[in-house]
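Fold the following, please.
(one chain, ligands or ions: 1)
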Amino acid sequence: MKTPSDAGNSATVAEAPLQARATFTSSLGVLAATLGSAVGLGNIWKFPALTGLNGGAAFVMLYLLCVILIGMPVMWAELTIGRNSRANTVAAFQKLAPKTPWYLIGVSGVVSAVLIMGFYTVVCGWIYAYIFRAATGALAVPPEQTVEVFNALYTSPIQPIVWQWIVLAVTSAIVMAGVTKGIEAATKRLMPLLFLLLLICDIRALTLPGASEGLSFLLKPDLSKITAPTVLAAMGLAFFKLSLGMGCMVTYGSYINKNENLIKNTGKVVAADTTVSLLAGLAIFPAVFAFGYEPTSGPSLLFITIPAVFRSMPLGGLFCFLFFVLAAVAATGAMISLIEVPVAYLTERFGWKRNLATLATALSMALLGVGAALSSSLLSEFKIIGRTLFDTYDFVTSNVLLPVGGIFIALFVGWKWRQAAIAENGGATAAINAFTVFLRFVAPIAITLVLLQGLGIIRF
Ligand code: TRP
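Model prediction:
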């Protein structure tokens, strides 16, 4: 890693891409891209899995609290940093605070992107595989045998890697097409489709006899279920869900025009993303309870329970297929944004062509990802502090790197760069004042406490 003199070391290399820097072409495009990053497997796989594991409504409440108190202000902060600096996440901090260590937030972000993709591509690979299984009727087995269908995939040492690499190839191709033609065009088409498919699944699940038990699991909190690790999981999910804490929104912010309203965009993205998570929960839990399944199966909830659930209803095969297409659609928009973080850095820092940068990023994700893809087969015994590589990538990013990144982003905009952040948003308003207070005090203190408590470093 070179010293943070990026902006000064070669004006010609640094300025050329900046002047020609691509931007999203409309407000709708901005919303679609940022929402496309936020909505992903986090909503459809992680949110239901963690909600089921952590007792339902109480966890959902904690999660919503983290989204409002921490997620919204941090998202606004990231978008503001990005738009003002018009640079990748490392260069952004170098520009706004030259010759200081703040740029390390960006470095941690580039590392986080690769680590997250290490396991994200595995789960997305399972989803791609399930689209084909649903289409060919391979999921049309008696409900008690869906476990075997999943295990055949899950414990295979080859299939998860093949699917993982297909996922990476498809996503890289979109990223190579560039910001406007690739990212904006793809997400604009994918997002409406996602809402539509989700609504179809919801109507189906909610009209099942016995759906109400799942509904109260999701809506009636049992406060005895709240523990320190639960709170940490809820906060980690909030960061993961909203793509925060590692400069993803800084990078996307850098493609946003000056005349867009960042506060409004933040509000819309958070509201829509939360709606998608709740809609996914509404599609899953009523059906789980209606058919007498357990909500606590964690990461496999989606892959074992859902096909079994769909199997037990009229037109189930079709809904199952639609459901996994939906999950793949959501995952693709999110992965695009994860790949874009290192790609923006590599093209701007080293002057690499977009295609080369994408290839290098995808290759490192593939290499690291193999460890996660083999975590349920050849490497299932390989554990770091009791966690497989898959779980380690997940835990270290969601529950450590992203929240720590979030603390520093909040401190940066709340204290060091506050006036400029306010000016970038056209002067102080009630909303901006509220956000800056959250960034100064609420977010850093809350994140630190939850982190220390959740990791067992302090106990109250
Ligand atoms: N938010 C996405 C999801 O819910 C995942 C994601 C995309 C992400 N970009 C990110 C997570 C950046 C953390 C950081 O699936």
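
When you work out contacts or count neighbours from here on, use the C-alpha atoms and nothing else.
Noted.

now the helices for the stretch 1-150 of the chain?
Taking DSSP state H, counting those that start in this stretch as the test, the helices found in the stretch 1-150 of the chain are 6-9, 11-19, 27-38, 41, 47-53, 57-66, 72-85, 89-96, 104-136, 146-154.

which other helices and strands contact the longest one?
By that I understand helix 104-136. Applying 3 or more CA pairs under 8 Å, 6 or more residues apart in numbering; DSSP states H and E, one finds that helix 104-136 contacts helix 89-96, helix 159-176, helix 316-350, helix 354-373, helix 389-396, helix 402-411.

tell me the angle of the third one relative to helix 354-373?
Looking back up the chat, that one is helix 316-350. 130 degrees (axes from the mean of the first three to the mean of the last three CA atoms, to 10 degrees).

Do any residues in helix 316-350 lie close to the ligand?
Yes. Using CA under 6 Å from any ligand atom, helix 316-350 comes into contact with the ligand via 334-335, 337-338.

residues of that helix that come out buried?
316-317, 319-349 (16 or more other CA atoms under 10 Å).

Centre of the chain to stretch 421-428, how far?
In terms of CA atoms, centre = their mean, to the nearest Å, the centre of stretch 421-428 is set 27 Å apart from its chain centre.

buried ones in that stretch?
Using 16+ other CA under 10 Å as the test for burial, stretch 421-428 gives 421-422, 424-425.

What is the end-to-end distance of that stretch?
10 Å (CA to CA, to the nearest Å).

and if you look at stretch 215-231?
22 Å.

residues making contact with that stretch?
54-62, 281-282, 285-286, 450, 453-455 (CA atoms under 8 Å, 6 or more residues apart in numbering).

circling back to that earlier point, tabulate the residues of helix 316-350 next to the ligand (TSV), appending distance to residue 206 and pLDDT.
TSV is the format used below for the residues of helix 316-350 next to the ligand (distance: CA to CA, whole Å; pLDDT from 0 to 100):
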residue	distance to residue 206	pLDDT
334	28	93
335	30	94
337	33	91
338	34	95
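
Isn't residue 353 up against residue 343?
No. Residue 353 lies out of contact with residue 343 (CA atoms under 8 Å); the separation is 9.4 Å.

Make a markdown table from the helices of the stretch 1-150 of the chain and add mean neighbour count, distance to the ligand and mean pLDDT to it.
Compiled in a markdown table, the helices of the stretch 1-150 of the chain are given as follows (neighbours: other CA atoms under 10 Å; distance: least, CA to the nearest ligand atom, whole Å; pLDDT from 0 to 100):
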| stretch | mean neighbour count | distance to the ligand | mean pLDDT |
| --- | --- | --- | --- |
| helix 6-9 | 16 | 24 | 35 |
| helix 11-19 | 13 | 23 | 38 |
| helix 27-38 | 24 | 4 | 86 |
| helix 41 | 26 | 4 | 95 |
| helix 47-53 | 24 | 9 | 94 |
| helix 57-66 | 21 | 13 | 96 |
| helix 72-85 | 27 | 11 | 97 |
| helix 89-96 | 25 | 12 | 96 |
| helix 104-136 | 23 | 7 | 96 |
| helix 146-154 | 17 | 20 | 90 |
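
How about the contacts made by residue 354?
176, 178, 343, 347 are the contacts of residue 354 under CA under 8 Å, 6+ apart.

Which of these sits closest to the ligand?
residue 343 (13.4 Å; CA to the nearest ligand atom).

What does the pLDDT read for that closest one?
For residue 343, the model assigns a pLDDT of 93.

I'd say it and residue 358 touch.
Yes. Using CA under 8 Å, residue 343 is in contact with residue 358, at 5.6 Å.

if we can go back for a sec, export the helices of the stretch 1-150 of the chain to JSON lines and tack on distance to residue 374?
Putting the helices of the stretch 1-150 of the chain into JSON lines (distance: least, CA to CA, whole Å) gives the following:
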{"stretch": "helix 6-9", "distance to residue 374": "38"}
{"stretch": "helix 11-19", "distance to residue 374": "39"}
{"stretch": "helix 27-38", "distance to residue 374": "26"}
{"stretch": "helix 41", "distance to residue 374": "20"}
{"stretch": "helix 47-53", "distance to residue 374": "21"}
{"stretch": "helix 57-66", "distance to residue 374": "30"}
{"stretch": "helix 72-85", "distance to residue 374": "34"}
{"stretch": "helix 89-96", "distance to residue 374": "31"}
{"stretch": "helix 104-136", "distance to residue 374": "9"}
{"stretch": "helix 146-154", "distance to residue 374": "9"}
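
now residue 456, what's its secondary structure?
Per DSSP: H, G, I helix; E, B strand; the rest coil, the secondary structure class of residue 456 is coil.

which parts of the stretch 101-250 of the chain sit against the ligand?
240-244, 246, 248.

could I get the residues you listed as JSON lines with neighbour count?
Below are those laid out as JSON lines (neighbours: other CA atoms under 10 Å):
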{"residue": "240", "neighbour count": "27"}
{"residue": "241", "neighbour count": "26"}
{"residue": "242", "neighbour count": "29"}
{"residue": "243", "neighbour count": "26"}
{"residue": "244", "neighbour count": "28"}
{"residue": "246", "neighbour count": "31"}
{"residue": "248", "neighbour count": "30"}
